[in-house]
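Sharing a sequence plus its predicted fold:
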Amino acid sequence: MHERKVEPPVTTSITEIETYGVERIPDKDRTARPIDLFRLAFGGANTFATCVLGAFPILFGLSFWQGLAATVLGLVAGALLLAPMALFGPANGTNNAVSSSAHLGVHGRVVGSFLSLLTAIAFFSISVWSSGDALVGGAHRLVDLPETDVTYGIAYAVFAGLVLVVCIYGFRFMLLVNKIAVLAASALFVLGAFAFAGDFDPGYAGAFASTADPLFWPSFIGAALIVLSNPVSFGAFLGDWSRYIPAGAPRRRVMGAAFLAQIATLLPFLFGLATASIIASKAAKYVDPAAPNYVGGLLAISPGWYFLPLCLIALIGGLSTGTTALYGTGLDFSSVFTRFSRVQATFFIGALSIAFIFVGRFALNLAQSISTFATLIITCTAPWMIVMALGYVTRRGWYDAEALQVFNRRQRGGRYWFTNGWNWRGMATWLVSAVVALLFTNLPGQFVGPLGDLADGADISLPVGLVLATVLYLALLAVFPEPRAVYGPAGPRFVRASDASVPPITGSTEETATEPAAAH
């Protein structure tokens, strides 16, 4: 038997720093509702960075209506893929990386931690860059602020610092920020409809005379996949927020909140799509595929009275996106390196991310590379999400909360120990599917895999990864059944179980402190 940690005090005020890490949130403190999950997920995506993604169909040469079709397709597909990832938080009271121990093993859960870390840094960087550029550009037009490296650097530093403060205070402060962001950013986007109504032409034709053009379908699929990447990027983070929802909350409401939050982002996506079509018509140099500059083009076509609302969108929305990304990263980092508290881990990762932002922006000019980096991360994350979702279905949503914490407590054994802490079924599925998907990646001028040209130039990496992960994981579960103990009292669904025994949980945090070798 190991000694249980003393529970941290309940955090009920935004001025109190959240003390919980990835240990299971006690039932008495799980007072969030599905609507709060909606606010956090929508607030984190109802931002200027999403507008930038919304401009890509136009940058790819699609017409407005073709771009709208690609946007809706990508958004709905991504929301459907994301929604099941909201269920792990209420079921286990911890984040999704810890929950993945059930399917990838006690040690295999570091895959989710690594993916969430890379995703957060990439999207945090994109958020700070796009919002900082918009703030400086808007201030230049409003008060003639000089556009120099110094002013950009100050904007990035102040903005990133604000995000870091919110993340350190934790969940309730972040929830307040997103409550404000949902209403304020939505109102400002609607105001934008009036600002650009006179210039908007839904008949914008794009670069393709017809869908028979050999480049049309690669462009359409590529645009849809970029839109789809936005909801998929939340896959590793939903548990960070849904863990505060009671376990008894109706599953359909929890999934519905996650799904509708992404569907609601049609608002910023439409803003980006519509304004990009105006830029393409009135300031075409800003949508040059060789050097696209959506932020500069938007400032160029905006009426003077909309500069201030545009700056507010950049500030509020970017703050929301940055906090949702960085909070989850700090939380998960503290679970992998248990000597760090959540606050220490958040500060460390935040400082690292800020340094990365400055090096990338001023020394290496990595803006395009970060976009590529984010796309490749999503390609690797999607198969992991398939393993999690199918695992949830086959387990009937049943998990052993104590066994999930074995890694965090530096213990051994339990239902999810499998083979020395690794469940090779889930690990093999993720690794093979991710590698094959990367082989099919086709990002012209950035990254093209060895098999990237097999679909006439279309990037089919994500669909290939998703289909392969689904087939391979179910096949491995059928041929090599998991121990009956992992399925709980109701037994498995759709797959068989073996009678293999599971080792008891041994060791403790206290023992690890005096005998470090016991953790290995």
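Ah, there it is.

Show the end-to-end separation of stretch 37-53, please.
One end of stretch 37-53 sits 23 Å from the other (Cα to Cα, to the nearest Å).

swap that for stretch 247-254, sorry
This stretch, stretch 247-254, spans 10 Å end to end (Cα to Cα).

Enumerate the positions of it that are buried.
249, 254 (16 or more other Cβ atoms under 10 Å). All C-beta atoms are positioned from the backbone trio N, CA, C, and that covers glycine.

can you give me the mean pLDDT across it?
Throughout stretch 247-254, pLDDT has a mean value of 95.

Hmm, residue 130 and residue 357 touching each other?
No: contact criterion Cβ atoms under 8 Å: residue 357 and residue 130 do not qualify, at 11.5 Å.

all helices for the stretch 151-300 of the chain, in order.
171-196, 216-232, 238-242, 251-263, 266-282, 294-301 (DSSP state H, counting those that start in this stretch).

Which neighbouring elements make contact with the second one?
Spelled out, it's helix 216-232. helix 48-54, helix 56-59, helix 64-82, helix 367-394, helix 461-479 (3 or more Cβ pairs under 8 Å, 6 or more residues apart in numbering; DSSP states H and E).

wait, which of the ones you listed is closest to residue 28?
helix 367-394 (25.5 Å; Cβ to Cβ).

Excluding sequence neighbours, find me the nearest residue to residue 279.
residue 297 (3.7 Å; Cβ to Cβ, 6 or more residues apart in numbering).

Residue 53: neighbouring residues, count only.
27 (other Cβ atoms under 10 Å).

Return the residues in contact with it.
226, 227, 229, 230, 269, 272 (Cβ atoms under 8 Å, 6 or more residues apart in numbering).

between the residues you listed, which has the most around it?
Going by other Cβ under 10 Å, residue 227 tops the contacts of residue 53 with 29 neighbours.

Contact partners for it?
Contacts of residue 227 by Cβ under 8 Å, 6+ apart are 53, 54, 56, 57, 70, 71, 73, 74, 75, 78, 269.

From the residues you listed, keep the buried residues only.
53, 54, 56, 57, 70, 71, 73, 74, 75, 78, 269.

Would you mind putting those residues into TSV with distance to residue 438 and pLDDT alongside?
Formatted as TSV, the buried ones among the contacts of residue 227 follow (distance: Cβ to Cβ, whole Å; pLDDT from 0 to 100):
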residue	distance to residue 438	pLDDT
53	21	87
54	26	92
56	21	88
57	24	92
70	23	96
71	25	97
73	23	96
74	20	94
75	24	96
78	19	94
269	26	96
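
ok, those residues vs residue 394, which is closest?
residue 78 (23.2 Å).

if I look at the closest one, how far off is residue 355?
To residue 355, residue 78 is 31 Å away according to Cβ to Cβ, to the nearest Å.

what's the average pLDDT for the one helix or strand residue 38 maps to?
Element membership of residue 38, judged by DSSP states H and E, is helix 34-45. Helix 34-45 shows a mean pLDDT of 86.

and if you look at stretch 453-472?
In this model, stretch 453-472 carries a mean pLDDT of 89.

residues of that stretch that come out buried?
455, 457-466, 468-470, 472.

now that stretch, how far from the chain's geometric center?
20 Å (Cα atoms, centre = their mean, to the nearest Å).

who touches that stretch?
Under the contact criterion Cβ under 8 Å, 6+ apart, stretch 453-472 has outside partners 81, 214-215, 217-218, 221-222, 225, 228-229, 378-379, 382-383, 386-387, 390, 428-430, 432-434, 436-444, 449, 452.

Please pick the buried ones from these.
Neighbour counting by 16+ other Cβ under 10 Å classes 81, 217-218, 221-222, 225, 228-229, 378-379, 382-383, 386-387, 390, 428-430, 432-434, 436-438, 440-443, 449, 452 among the contacts of stretch 453-472 as buried.

Touching, residue 216 and residue 208? I think so.
Yes: with contact defined as Cβ under 8 Å, residue 216 counts as touching residue 208 (4.7 Å).

Since that was my last question, I'll sign off now.
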